[in-house]
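Novice: need coordinates for the following:
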Amino acid sequence: MPSAKGCGVIVAAAVLFLSACAAPGSGGSDTVPRDDPALPPPEVSGALPQPLRGAPLWAAPFSSEPKATESMFIGVFQEREGGAVEFLGVDHTGRTRWSAERDPECTGFTVIRDPDDGSELVVLLDKEKDPDGGFLATRTTASAFRPDDGELVWGPADVPGTLVGPGLVFAAIQGSVMSDHTGPKIALHPGTGAVVADENEGEVVLHEHHGLLLVHRDEALRAVDDTGADLWDHTDLEIPAELDTTDVRVGYGPRPADDSTAAVTLVWTAASDDEDEEPLLYTVHDLWTGDRLLTLAPDREPQTLDVGDGRTAVLGTSSVQVVTDEDDVPLWRHDVGSDVRMRGAAGTTLYLDEAGTYQALDIRTGSLDHEWEGSTELPAAVLASGPALVEVTTTDESRVFAALPTD
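Specialist: Numbering: from 1, shown residues only. Predicted structure coming up:
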């Protein structure tokens, strides 16, 4: 089949904004070992999400939604609005094992993997005084820590602003002459914190996932590994047979719903000077190989979501499918209605929502585990062997994250 050689690249404008940093903090490389006991379990009022119906085990000390690593929950504690922020590492028993204080505006964080050994790292932002920039000058930094004990792995590394993603991508938000949304972006190497892509050098940073990059560089859409070597570019892609023309262009499509994914969505449009051309179709590709995993109709913008272990859930017009970086065919397909949206994934469960009717699918098989109606909070984070953290309302009308058994 003909290739897409010569096609232009469309850069998606949507940007996920996380919290930026706005004032000097404590330095970016400090954590404090702790061994705080678990908080007592809360008295919950209201329904719990299925299948998590067991009695709470303990209350998590987080003020906002945490993330799960393989063995730890990571999240933010803030005693009062505008007060100091602490990042906490909490184990499966509810004990707080380490903390890191940050400025109240520095609440953006992410969980990544070192491409060299596959280990998980937690990246936190901070704001530091900049002695080279004047009395009031500051610099934004990022540092990576081991989730189990808070040990510093790399950093502080200078970054232009907050996490904007997908992946380990940073930029200053708003007020930039470069974009309506962000200033020039940079991407960092997950294992070292070194800059691996910089929009000040004439490229466009589109997507990062565990050391793999998708960029627009030298008039091509390129996938690049963590050493800087090209893996594939858009001229290697076959034009889908579903299109009745070869006069097309291909570009980066809708970004993931939650941070980053091992598969990327590309959008195919007619080759013209109009950047607002309607999509002809969407395709989903393995970021490492460029292999096409799915072809999707243009009448619904696809939604993608990382569901762990190199798997990506893809919501199209009439189905949810899970693709993997280890195979070129979907693991499974689950038919859905046109009003369904993916609410999130936690542990081995993918949650769907169709106008207040919820479905819980097993990520490994696609089987429907539970279906129910009515408003309820869904799990925020789940450890592989449990428990799950769910934001609940207590009998005294406070909101806390309760640890619930997953067995």
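Novice: ok, now how distant is Ile112 from Pro40?
Specialist: Using C-beta to C-beta, to the nearest Å, we find Ile112 at a distance of 33 Å from Pro40. Where you see a C-beta, it was placed from the backbone N, CA and C, and this is true even at glycine.
Novice: of these two, which one has the most company?
Specialist: Counted by other C-beta atoms under 10 Å, Ile112 and Pro40 do not tie: Ile112 has more neighbours, with 23 against 11.
Novice: which residues sit in contact with that one?
Specialist: Glu120, Leu121, Val122, Val123, Ala144, Gly167, Leu168, Pro190, His210 (C-beta atoms under 8 Å, 6 or more residues apart in numbering).
Novice: for the fifth one, give me the pLDDT.
Specialist: pLDDT for Ala144: 97.
Novice: hang on, it packs against Ala194?
Specialist: No - using C-beta atoms under 8 Å as the test, Ala144 is too far from Ala194 to be in contact (11.6 Å).
Novice: these two: who's more crowded?
Specialist: Taking neighbours as other C-beta under 10 Å, Ala144 and Ala194 compare with Ala144 leading, 26 against 12.
Novice: from Pro40, how far off is that one?
Specialist: In this view, Ala144 and Pro40 are 33 Å apart by C-beta to C-beta.
Novice: same check on Ser64?
Specialist: Applying C-beta to C-beta to Ser64 and Pro40 gives a distance of 21 Å.
Novice: hmm, who's touching the helix or strand bottoming out on mean pLDDT in the chain?
Specialist: One helix or strand of the chain scores below all others by mean pLDDT, DSSP states H and E: strand 44-45, with a mean of 86. Strand 44-45 is contacted from outside by Pro56, Val392, Thr393, Thr394, Thr395, Ala402, using C-beta under 8 Å, 6+ apart.
Novice: name the next helix or strand following it along the chain.
Specialist: Note on strand 44-45: by DSSP states H and E, the next helix or strand toward the C-terminus is strand 58-60.
Novice: how about residues contacting that next one?
Specialist: Contacts of strand 58-60 with the rest of the structure, by C-beta under 8 Å, 6+ apart, involve 38-42, 66, 73, 75, 90, 93-94, 389, 400-403.
Novice: so where's the stretch 251-400 of the chain shaky on pLDDT?
Specialist: Counting by pLDDT under 70, the stretch 251-400 of the chain shows low-confidence ranges at 273-274, 375.
Novice: ah, wrong one, I meant the stretch 51-200 of the chain
Specialist: Those would be 129-137, 174-181, if you go by pLDDT under 70 across the stretch 51-200 of the chain.
Novice: what's the helix or strand for the closest residue to Gly167 other than its chain neighbours?
Specialist: What sits nearest to Gly167 in space, not counting adjacent residues and going by C-beta to C-beta, 6 or more residues apart in numbering, is Glu208, at 3.0 Å. Per DSSP H and E, Glu208 falls inside strand 204-209.
Novice: make sure Thr406 is actually in contact with Gly386.
Specialist: Yes - counting by C-beta under 8 Å, Thr406 does reach Gly386; the two are 3.7 Å apart.
Novice: re the thing from before, kindly indicate which of the contacts of strand 58-60 lies nearest Leu266.
Specialist: Lowest distance from Leu266 to the contacts of strand 58-60 (C-beta to C-beta) belongs to Pro66, with 32.5 Å.
Novice: who touches that closest one in this structure?
Specialist: Pro66 sits next to Ala60, Phe73, Ile74, Gly75, Val76, Val90, Ala380, Ala381, Leu389, Phe401 when contact means C-beta under 8 Å, 6+ apart.
Novice: following whatever helix or strand Val122 lives in, which helix or strand comes up?
Specialist: According to DSSP H and E, Val122 maps onto strand 120-129. Sequence-wise, the next helix or strand downstream of strand 120-129 (DSSP H and E) is strand 138-145.
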